[in-house]
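Student: predicted model, plus sequence, below.
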Amino acid sequence: MTPLDYFATAATRRNFIRRTGFSLGAAALTRLLRADLHGGQAGTESIAPHVAPKAKRVIYLHMIGAPSQLDMWDNKPELRKWQNKPCPEELLKGRRFAMIDGGKMSLIASPFSFDRYGQAGTEMSELLPHMRSVADEIAVCKTLHTDEINHAPAQMLLHSGFGRGGRPSLGSWLSYGLGASNENLPAFVCLLTGAMGGAGTSLWSNGFLPSVHQGIRFRSEGDAVLFLSNPRGQSGEDRRRIFDAVKRVNQAALADIGDPEIATRISQYEMAYRMQTSVPELMDISKEPKSVLDLYGARPGKASFANNCLLARRLIERGVRVVELYDADWDHHGGLLTRLPAKCRDVDQGMAGLILDLKQRGMLDDTLVVWGSEFGRTPLRQGGDATGGKSVGRDHHKDAFTMWLAGGGVKGGQTYGETSELGFDPVDKPLHVHDLNATVLHLLGLEHERLTFKYQGRDYRLTDIHGNVADGLLA
């Protein structure tokens, strides 16, 4: 090929890309304008519901590190007979643990008392005094199980359907499926108390979905969203001029290249500008009545899980589709007698207050609330001396753990499934995390086998190739 032939070929390729890129860019820009006309964001037009939805939005409460279900929800009196005795070998055969290794592993009963509450007689431990008041609103699922034994992979499996990074999270799938309903706020918002651990930001990643579906973290101190406020010396008018100039450049690039991500960028810049007004008002809970603050145990100006529960209600009131609350420091390999009660005090009133507040506002019927973690804790003793002691803890347990759901088409006031006498395995109505996600999608009007996205030649979905809707959880 001569130099002249090379440049002629290159010019032809550029013209082809420019011509086809223009048509793609025009289509993307049309989609962007259509989204603006309907009050949404580029790339967030909803998929038509597959079934009649029971819920319009979801609040997901994830306890990072895995609470002990045996000390909060799943009472096992039989364990008292085995207190500090070696576990039968047949129960350990082929079972994986994260940290306990070999030796005569002994069993340990819960040091906390249990009682029954509500008309259905839902069992809860003494660690949850406020949750007793909503016993008839929640469905306690005791038979969750997962495939992963360590935190990060199990968190990603629960939230994305895959134990490694790179897949979209539940919130991103819901944003993709349901679309946005408020042009001033993201469809998917995350709130965090404590240090992020395990899988970190992968839990609200959009993966291979368009970036508009990524979860946006709101913070309790400083700017609620990073760089939301104007830099010192810049006015709102200054920033508007900058946005307009950047928008013109992006629109030219969109028309030239046709990358749909540029349309997303244009839309997100516009939303960021509008959020400068909407977010500070949203995050200011001081204007809530004292009775509401007292219901949650919320304190304006102080970062807390209770404050985040109240913010979750304020977010969904304003049209946010998915709010995920992450609360850290539930990994109790030791200090079970002191650290677990302290963590329960952190979340108990806020969770109960959220359910009661949603109910009295008429929002619980179409708001799904989910509480849980990546796995549970083992019936085996970890650490401590032969009698347990304050340093005793529990290792990770993937084979049976507890989550609960409320509102949004869930049949409350029930205990779903049962585990074995010593709490090792489900014996009735086992519920894999894929089944849980299939059920959550179904309640929101999305069939898990039909909510797909083509990537690298394959149709992907949240539940991979698994999952069944748990009909017994549905009202």
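Tutor: Structure's in. What do you need?
Student: could you find the closest non-adjacent residue to H396?
Tutor: Take H396 and drop its neighbours on the chain: the residue closest to it by CB to CB, 6 or more residues apart in numbering is A98, 4.1 Å away. Placement of C-beta: from N, CA and C, glycine included.
Student: pretty sure that neighbour belongs to a helix, no?
Tutor: No. Applying DSSP: H, G, I helix; E, B strand; the rest coil, one finds A98 to be coil, outside a helix.
Student: what's it in contact with, if anything?
Tutor: By CB atoms under 8 Å, 6 or more residues apart in numbering, the contact list for A98 reads 149-150, 395-396.
Student: kindly report the same for W204.
Tutor: 169, 171-172, 188, 190, 214-217, 324.
Student: most neighbours out of those, which is it?
Tutor: Of all the contacts of W204, the highest neighbour tally under other CB atoms under 10 Å goes to S169, namely 32 neighbours.
Student: so how far is L158 from that residue?
Tutor: As defined by CB to CB, to the nearest Å, S169 lies at a distance of 10 Å from L158.
Student: ok, now C309?
Tutor: Noted for C309: a distance of 20 Å to L158, by CB to CB.
Student: between the two, tell me which one has more neighbours.
Tutor: The neighbour comparison of C309 against L158 (other CB under 10 Å) goes to C309, with 29 against 26.
Student: so that one sits against A352, correct?
Tutor: No. Under the criterion of CB atoms under 8 Å, C309 makes no contact with A352, lying 9.2 Å away.
Student: find the nearest non-adjacent residue to P49, please.
Tutor: Of all residues not flanking P49 in the chain, G445 sits nearest, at 3.4 Å (CB to CB, 6+ apart).
Student: ok so, going back, just the contacts of W204: which are in strands?
Tutor: Among the contacts of W204, the residues falling in strands (DSSP state E) are 188, 190, 216-217, 324.
Student: quick one: which of those residues is nearest W73?
Tutor: E324 (20.9 Å; CB to CB).
Student: okay, and the beta partners of the closest one?
Tutor: On the basis of DSSP bridges, E324 is bridged to Y60, C190.
Student: that one touches P186, doesn't it?
Tutor: No. Here E324 lies out of contact with P186, judged by CB under 8 Å, at a distance of 11.8 Å.
Student: shared neighbours, those two?
Tutor: Shared contacts of E324 and P186, defined by CB under 8 Å, 6+ apart, comprise G215.
Student: spell out the secondary structure type for V469.
Tutor: Classification of V469 by three-state DSSP places it in coil.
Student: again with A255
Tutor: Assigned by three-state DSSP, the conformation of A255 is helix.
Student: what about it, how many residues close to it?
Tutor: Counted with other CB under 10 Å, residues neighbouring A255 total 18.
Student: quick one: it from N182, how far?
Tutor: From A255 to N182 the distance is 28 Å (CB to CB).
Student: nearest residue to F453 in space, please, no chain neighbours.
Tutor: That would be Y460: by CB to CB, 6+ apart, it lies 5.5 Å from F453.
Student: what's the neighbour count on the residue nearest to D428 when sequence neighbours are not counted?
Tutor: If the residues on either side of it in the chain are set aside, D428 comes closest to E418, at 4.5 Å by CB to CB, 6+ apart. Neighbourhood size, E418 [other CB under 10 Å]: 14.
Student: ok, E418 - contacts?
Tutor: By CB under 8 Å, 6+ apart, the contact set of E418 is 142-143, 426-429.
Student: and it, how close does it get to S373?
Tutor: The gap separating E418 from S373 is 20 Å, by CB to CB.
Student: now for the helix or strand containing Q349, which elements pack on it?
Tutor: Q349 is part of helix 336-360 when elements are defined by DSSP states H and E. Judged by 3 or more CB pairs under 8 Å, 6 or more residues apart in numbering; DSSP states H and E, helix 336-360 is in contact with strand 57-63, helix 290-296, helix 305-317, strand 322-327, strand 367-372.
Student: now the residue nearest to P49: how far from G179?
Tutor: G445 is 12 Å from G179, by CB to CB.
Student: next: K81.
Tutor: When K81 is compared with G179 (using CB to CB), they lie 54 Å apart.
Student: quick one: which of those two has more around it?
Tutor: With neighbours defined as other CB under 10 Å, K81 and G179 compare such that G179 has more, 19 against 11.
Student: that one contacts P186, correct?
Tutor: No. With contact defined as CB under 8 Å, G179 and P186 do not form a contacting pair (11.9 Å).
Student: hang on, the earlier thing: out of the contacts of E418, which end up buried?
Tutor: When the contacts of E418 are checked for burial by 16 or more other CB atoms under 10 Å, the buried set is 142-143, 426, 429.
Student: show me the helices in the stretch 151-300 of the chain, by range?
Tutor: 151-160, 170-178, 236-257, 260-283, 290-296 (DSSP state H, counting those that start in this stretch).
Student: least reliable of those helices by average pLDDT, please.
Tutor: Ranked by mean pLDDT, the helices of the stretch 151-300 of the chain end with helix 260-283 at the bottom, a mean of 73.
Student: can you show me the strands along the stretch 1-150 of the chain?
Tutor: 57-63, 114-117, 122-125, 138-145 (DSSP state E, counting those that start in this stretch).
Student: and the last one, what's its mean pLDDT?
Tutor: Yep, that's strand 138-145 we're talking about. 98.
Student: that one pairs with which strands, and in what direction?
Tutor: Paired strands of strand 138-145, with direction, are strand 401-406 (antiparallel), strand 414-416 (parallel), strand 431-432 (parallel) (DSSP bridges).
Student: need the winner for burial among the ones you listed.
Tutor: For the strands paired with strand 138-145, average neighbour numbers computed from mean count of other CB atoms under 10 Å are highest in strand 401-406, which has a mean of 26.
Student: restrict it to CA atoms and write it as PDB.
Tutor: The C-alpha coordinates for strand 401-406 follow below in PDB (Å, rounded to 0.1, in the frame of the first residue of the first chain):
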ATOM      1  CA  PHE A 401     -28.900 -17.100  58.100                       C
ATOM      2  CA  THR A 402     -31.800 -14.600  58.600                       C
ATOM      3  CA  MET A 403     -33.100 -11.700  56.700                       C
ATOM      4  CA  TRP A 404     -36.500  -9.900  56.900                       C
ATOM      5  CA  LEU A 405     -38.700  -8.000  54.500                       C
ATOM      6  CA  ALA A 406     -41.600  -5.600  55.000                       C
END
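Student: now for the contacts of W204, which pair is the farthest apart?
Tutor: Between any two of the contacts of W204, the greatest separation by CB to CB is 13.4 Å, found for S172 and R217.
Student: R339: what's it in contact with?
Tutor: If you count contacts by CB under 8 Å, 6+ apart, R339 has them with 329, 332.
Student: would a markdown table of the strands of the stretch 1-150 of the chain with distance to L441 be doable?
Tutor: Listed next are the strands of the stretch 1-150 of the chain as a markdown table, based on distance: least, CB to CB, whole Å:
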| stretch | distance to L441 |
| --- | --- |
| strand 57-63 | 10 |
| strand 114-117 | 30 |
| strand 122-125 | 25 |
| strand 138-145 | 16 |
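Student: distance of the residue nearest to D428 from N75?
Tutor: According to CB to CB, E418 and N75 sit 11 Å apart.
Student: mean confidence score for stretch 189-198?
Tutor: For stretch 189-198, mean pLDDT rounds to 92.
Student: ok, stretch 322-336 next?
Tutor: For stretch 322-336, the per-residue pLDDT averages 96.
Student: list the buried residues of it.
Tutor: Under the neighbour-count criterion of 16+ other CB under 10 Å, stretch 322-336 has 322-334, 336 buried.
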